[in-house]
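K.L.:
coordinates for the following, if possible.
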Amino acid sequence: QVQLVESGGGMVQPGGSLRLSCAASGSISSIHVIAWFRQAPGKEREFVAGMQWSGTSVYYVDRMKGRFTISRDYNKNAVDLQMNSLESEDTAVYYCATSRFVRYAPGDYDYWGQGTQVTVSS
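P.N.:
Residues are numbered from 1 along each chain as shown. So this is what the prediction gives:
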């Protein structure tokens, strides 16, 4: 099994930045793909960004490309999500999750963290 713990959420003003981190533990060698999802109130959970655990490829939803950057922290077995130019529409609970394959649907991911709240408000 894989355990995932997200951190770094909080409240920020529009135009601000936040850096989320997802620390992985347990059967880390079984991780092939790790991704960030988000879920806003009343909306479905959606894919934000993902990458192969090896770091060879990264994937973004087009509208987040350029504002969000996913990266590996090899020293901490963690994956970070740098979020810049935040907008009120980015307000959501952000989750990290793992999958055996590159997929974009939440149902294709096996292990999930508990989520971290991001609120963008003036």
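K.L.:
pull the helix or strand with minimum mean pLDDT from this structure.
P.N.:
Within the chain, no helix or strand scores below strand 58-60, which has a mean of 93 by mean pLDDT, DSSP states H and E.
K.L.:
report all helices and strands that it contacts.
P.N.:
On a contact count with 3 or more Cβ pairs under 8 Å, 6 or more residues apart in numbering; DSSP states H and E, strand 58-60 meets strand 46-52, strand 68-73. For every residue, glycine as well, the C-beta is placed using N, CA and C.
K.L.:
so the longest one versus strand 68-73, what angle?
P.N.:
Looking back up the chat, that one is strand 46-52. Angle of strand 46-52 versus strand 68-73, following axes from the mean of the first three to the mean of the last three Cα atoms, to 10 degrees, is 40 degrees.
K.L.:
quick one: strands adjacent to strand 46-52?
P.N.:
Partners of strand 46-52 in the sheet, by DSSP bridges, are strand 33-39 (antiparallel), strand 58-60 (antiparallel).
K.L.:
buried residues of that strand, list them for me.
P.N.:
Residues of strand 46-52 classed as buried under the neighbour-count rule (16 or more other Cβ atoms under 10 Å) are 47-52.
K.L.:
chain center to stretch 76-84, what's the gap?
P.N.:
8 Å (Cα atoms, centre = their mean, to the nearest Å).
K.L.:
rewinding a little: how about the buried residues of strand 46-52 in CSV, adding pLDDT?
P.N.:
Listed next are the buried residues of strand 46-52 as CSV, based on pLDDT from 0 to 100:
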residue, pLDDT
47, 96
48, 97
49, 96
50, 96
51, 96
52, 95
